[in-house]
Each structure stands twice: as C-alpha cells, then as structure tokens.
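Participant: I would like to see how this sequence folds:
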Amino acid sequence: MRVESRLSWLAVAGGAALSASVAAVGADARWLAALGGVIARAGRIPSSIPYTAAPSHDWVNVPVLGELVFHALWSLGADRGLIAAQALAVAATLALLLRDMRAARATDTACALVLVAIPFAAASSLFVVRAQMFSLPLFALLVLLLRSDARAPSRRIWLVVPLVALWSNLHGAVLAGLVVATVYLVLQRRAFGVLVASWAALFVTPALGRTGDYYWNVLHSEPAASGFGLWAPLSWHNPLDVLLVAVVVPMLVLAARTQPRRWSSSASPSSRSRASTWHGTRCGSSSSSRCRPRRACGYARCRPPGAC
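Facilitator: A predicted model of the protein is given here:
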C-alpha cells in the first residue's frame with residue numbers, strides 16, 4: 001500500500017465494515033432469492049410471477065441473472081450471505097471511486113474526505129440490501145471507464161458494451177448508466193458505433209426484444225406514478241434526504257470552484273447522471289453517482305486544466 005493512499009484505503013475499509021455491521025436486508029431481496037430458487041429448480045423462467053394473487057401472465061422477466069445470484073447468496077448464508085455481498089459491493093464501489101480520484105491527482109486527504117462522506121449521503125443505498133446492490137459497483141465502474149477514456153482515448157471504450165449487457169441482466173438501473181454513457185459518447189467521444197452497440201446490448205437478456213417492455217412497465221408502474229418508496233422525491237421530512245442535501249451541496253460548490261471541463265461536469269452526478277438517477281434509482285446506482293471522484297478535486301484544489 002502506498003503511503004499517500006493510507007487514509008483513503010482506511011476510508012474504503014471503514015465504509016465496507018460499517019455496511020457489514022449495520023446493513024439490513026430489504027424485503028425485495030428475499031423475494032428475489034425465492035424467485036431465483038424457482039428458476040434454478042425448474043431450469044427455466046416461469047411465465048408468471050410466483051407467489052402473487054393477481055394475474056401476471058404478461059410478465060417480462062429481465063434481471064434473471066440477478067435473481068439467480070440472490071438465490072445463490074441466500075443458499076450460502078441466508079441473510080448473512082446477502083449482507084456479506086452488500087459489504088463487498090460497497091467496498092468495490094468505494095475502491096473504484098478511489099481509483100478514479102487518484103487518477104485525477106486528488107490528494108489522499110481529499111479522497112478520504114469524499115469516501116467518508118459517501119455513507120452519510122447514501123445511507124439507504126449502502127446499508128440496505130436490495131436488488132440495486134449490483135448497480136453500486138457497476139455504475140462506478142462505468143464512470144471510471146468513461147473518465148479514463150476521456151483522459152486517454154482508446155479502444156477500451158468498447159468495454160462499455162459488455163458492461164451494459166451484464167448490467168442489464170442484473171438490475172434496471174442500467175438505464176441510468178446508459179444515459180451517462182450516451183452523454184459522453186455523443187458530446188465528447190463522438191463514438192456512435194459504441195453508442196449503438198451499447199443500446200443494443202441492453203436487449204441481450206432472456207427477454208430479448210421484450211426487454212423494452214420491461215423497462216417501460218417499470219417506468220410507468222404504480223409506484224413510479226405515485227412517487228412511492230424508492231420512487232419518492234426528495235422530502236425535507238425525511239432525515240436521510242436532508243442529510244443527502246447537506247453533504248452533496250458543499251461538494252457541488254467545491255467541484256464548481258475547480259472549473260471542470262465539459263465532460264467532467266456533465267458526466268458527474270452534479271448534472272446529467274444525478275438528474276437521471278434522482279428518482280427511480282435513488283437507492284440504486286445513486287450511491288456512486290452522488291459522490292463522484294470529480295468532487296474530490298474541490299477538496300484538493302487540483303491544478304487546471306489537466307489535473308482533474
């Protein structure tokens with residue numbers, strides 16, 4: 001371990017340990033494990049949703065891989081298996097964020113401050129085991145890939161395509177990642193081949209052409225329409241929302257003071273990615289989107305234009 005990263009890695013370890021010690025298992029996590037068990041035992045995807053009284057014969061199941069993973073985790077250790085996986089996802093997310101901040105030449109102190117702030121700003125994402133556990137590291141990995149390509153363009157940008165294909169089979173917050181990737185590929189990289197292939201990869205799921213129906217139904221579901229649960233807007237009556245604003249606003253101010261380049265500001269959650277993930281995926285990929293590495297430059301006061 002490099003001496004200059006000691007505080008940062010302690011923050012990563014602390015965030016993962018805190019998640020492992022206080023995380024709770026969300027209700028949908030056990031349901032996903034049960035559904036994955038049905039698929040594993042039958043060897044096929046059921047044509048309707050088990051355990052429901054309402055008709056569900058037109059159900060489209062896209063994140064089958066995620067359901068099977070939850071079943072495997074449950075089989076290994078029940079709630080403990082799910083919590084251990086959540087802690088690993090948190091550790092991976094924070095480590096990816098640290099990797100990007102170090103590439104942006106942020107100081108060890110700046111990185112550590114951001115990594116310590118993230119659990120407070122995104123407590124419901126990091127400390128509750130839900131399906132969006134997969135989106136925590138995957139969103140961080142996507143933005144790391146895009147920002148790395150922005151610093152030194154190369155053919156590795158094509159890695160976005162398999163990343164989207166994997167993510168689409170795990171959790172619906174892949175749409176938030178695609179929005180961010182589209183912004184970069186169109187406005188900065190102008191890699192339209194990668195853009196088309198990435199959107200096509202969204203449909204590489206067991207549902208194939210009906211994958212679009214799944215996302216349409218999710219976005220127009222009753223919880224989404226009524227703003228219930230994870231779809232609820234920010235509320236000053238929710239202590240976690242107040243804490244989120246209290247942490248994010250100073251970071252946005254510090255990030256703005258560094259006068260970031262167009263991609264650094266547009267791809268960070270201070271703009272487009274935050275707008276795309278604020279409601280439907282507030283507890284999904286948003287934990288990584290709320291505190292992107294770019295903000296560390298606000299603490300580090302990086303040297304423009306190439307330092308951040």
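
Participant: what about Val62, which SS state?
Facilitator: coil (DSSP: H, G, I helix; E, B strand; the rest coil).

Participant: In the stretch 1-150 of the chain, where is pLDDT below threshold?
Facilitator: The stretch 1-150 of the chain contains residues with pLDDT under 70 at 1-4, 48-57.

Participant: quick one: the strands in it?
Facilitator: Under the criterion DSSP state E, counting those that start in this stretch, the stretch 1-150 of the chain contains strands at 24-25, 128-129.

Participant: and those strands, which is most packed in?
Facilitator: Most buried of these by mean neighbour count (mean count of other Cβ atoms under 10 Å) is strand 128-129; its value is a mean of 23. C-beta here means a position set from N, CA and C on the backbone, and glycine is covered the same way.

Participant: Neighbouring strands - and their directions - for that one?
Facilitator: strand 24-25 (parallel) (DSSP bridges).

Participant: Any idea how far the strand it pairs with is from the middle of the chain?
Facilitator: From the chain centre to the centre of strand 24-25 is a distance of 18 Å (Cα atoms, centre = their mean, to the nearest Å).

Participant: which residues sit against that strand?
Facilitator: Here strand 24-25 makes contact (Cβ atoms under 8 Å, 6 or more residues apart in numbering) with 79, 82-83, 127-129.

Participant: Which pair of these spans the longest distance?
Facilitator: Asp79 and Phe127 (13.8 Å; Cβ to Cβ).

Participant: More neighbours: these two, which one.
Facilitator: Phe127 (20 against 16; other Cβ atoms under 10 Å).

Participant: Can you show me the helices along the stretch 51-200 of the chain?
Facilitator: Taking DSSP state H, counting those that start in this stretch, the helices of the stretch 51-200 of the chain run over residues 64-103, 108-121, 123-126, 135-151, 160-168, 174-183, 192-201.

Participant: For these, give me TSV that also has distance to His220.
Facilitator: Shown next, in TSV, are the helices of the stretch 51-200 of the chain (distance: least, Cβ to Cβ, whole Å):
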stretch	distance to His220
helix 64-103	21
helix 108-121	29
helix 123-126	24
helix 135-151	20
helix 160-168	19
helix 174-183	13
helix 192-201	20
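
Participant: what's the closest of the ones you listed to Val218?
Facilitator: The nearest among these, by Cβ to Cβ, is helix 174-183 at 8.9 Å.

Participant: Just want the angle from that closest one to helix 192-201.
Facilitator: 170 degrees (axes from the mean of the first three to the mean of the last three Cα atoms, to 10 degrees).

Participant: Show me what helix 174-183 is packed up against.
Facilitator: helix 135-151, helix 160-168, helix 192-201, helix 272-277 (3 or more Cβ pairs under 8 Å, 6 or more residues apart in numbering; DSSP states H and E).

Participant: What average pLDDT does the second one get?
Facilitator: This means helix 160-168. For helix 160-168, mean pLDDT rounds to 97.

Participant: Please list the outside residues in contact with that helix.
Facilitator: Residues outside helix 160-168 that contact it (Cβ under 8 Å, 6+ apart) are 62-63, 65, 134-135, 138, 141-142, 145-146, 173-174, 177-178, 181, 185, 194, 197-199, 201-205, 211.

Participant: one more time with 6 Å
Facilitator: By Cβ atoms under 6 Å, 6 or more residues apart in numbering, the list of residues contacting helix 160-168 from outside reads 138, 174, 181, 197-198, 201-202, 204-205.
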